[in-house]
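S.K.: Coordinates for the following, if possible.
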Amino acid sequence: MLDILTAVTRKMTEGELLQLTLLGRADVTEEQYFDVLRRKTAHLFSACCEIGSILGGAAPAVRRALRDYGMNLGTAFQLVDDLLDFTSDGDSLGKAAGADLLEGKLTLPLIYLLEEEPRMKSAVQSVMREGSYEGEARETFVRAAEKAGALERARVCAASYAGAAVKALEAVAPSKYTDGLRSIPSYILEREM
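M.R.: From the prediction side, this is the model:
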């Protein structure tokens, strides 16, 4: 367990440092985005699930399944969180909406939007540079992302990872606990999306 905790701490630190190198950049690739996401979130979920399996005395195949479940669940969770930051209002989020872009973080919906609408790059850079939506309304980005199919693409991606999490549980014996784990990906996808 100590090896798992050490590895996840290292991965999370690397993810934070990598994210710092990408702040304020409108040219972040999907690959770079997922690299940060996995290091900062997915590996943590994975480690928690794997440690739980160790503490429960699970067989190696179940341990691997729960590690995979956590990796996919963590990825789906962060994708939905990024979508909610982009599309929700502050009241339903409980924090300022659109904060990721204000902090200079390019998330998957915007990466997909810029692939489809490269002309919006200067507007994205302006918001990141100014740390404000005064010059460019956040709703403009949301409408453009919806129209370009970027939001749906990001939703499909999140659903794919949620599905992979459920599939990983096939190696785990049926029980009320497995049923509980199986319900979490659906809950994540249905969060105010």
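S.K.: Contacts for the helix or strand harbouring residue 9, please.
M.R.: Using DSSP states H and E, the element containing residue 9 is helix 2-22. Applying C-beta atoms under 8 Å, 6 or more residues apart in numbering, the set of residues contacting helix 2-22 from outside is 28, 32, 35-40, 43-44, 46-47, 50-51, 54, 105-106. In this view, the C-beta of every residue, glycine as well, is placed from N, C-alpha and C.
S.K.: let's see it at 6 Å
M.R.: Helix 2-22 is contacted by residues 28, 36, 39-40, 43-44, 47, 50-51 when judged by C-beta atoms under 6 Å, 6 or more residues apart in numbering.
S.K.: Find the helix or strand that the closest residue to residue 135 other than its chain neighbours is a member of.
M.R.: Counting by C-beta to C-beta, 6 or more residues apart in numbering, residue 126 is the residue found nearest to residue 135 once chain neighbours are left out, at 5.4 Å. Element membership of residue 126, judged by DSSP H and E, is helix 121-130.
S.K.: ok so, going back, output the helix holding residue 9 as CSV, restricted to C-alpha atoms.
M.R.: Extracted in CSV, the C-alpha atoms of helix 2-22 (Å, rounded to 0.1, in the frame of the first residue of the first chain):
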residue,chain,number,x,y,z
LEU,A,2,2.9,2.3,0.8
ASP,A,3,4.2,1.8,-2.8
ILE,A,4,0.8,2.7,-4.2
LEU,A,5,0.5,5.8,-2.1
THR,A,6,4.1,6.9,-3.0
ALA,A,7,3.4,6.4,-6.7
VAL,A,8,0.1,8.3,-6.7
THR,A,9,1.7,11.1,-4.8
ARG,A,10,4.5,11.3,-7.3
LYS,A,11,1.9,11.2,-10.2
MET,A,12,-0.2,13.9,-8.7
THR,A,13,2.8,16.2,-8.1
GLU,A,14,3.9,15.6,-11.7
GLY,A,15,0.4,16.4,-12.9
GLU,A,16,0.4,19.6,-11.0
LEU,A,17,3.8,20.7,-12.4
LEU,A,18,2.7,19.7,-15.9
GLN,A,19,-0.5,21.7,-15.6
LEU,A,20,1.6,24.7,-14.5
THR,A,21,3.6,24.5,-17.7
LEU,A,22,0.3,24.5,-19.7
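S.K.: following that helix, which helix or strand comes up?
M.R.: helix 30-37.
S.K.: buried stuff in that next one?
M.R.: Residues of helix 30-37 classed as buried: 32-37 (neighbour count, 16 or more other C-beta atoms under 10 Å).
S.K.: Just the mean pLDDT for the helix or strand just after that helix, thanks.
M.R.: Where DSSP H and E defines the elements, the next helix or strand beyond helix 30-37 is helix 43-55. For helix 43-55, the mean pLDDT works out to 96.
S.K.: What residues of the helix or strand that helix 43-55 is followed by count as buried?
M.R.: Next helix or strand after helix 43-55 toward the C-terminus (DSSP H and E): helix 60-87. Buried residues in helix 60-87, counted by 16+ other C-beta under 10 Å: 62-63, 65-87.
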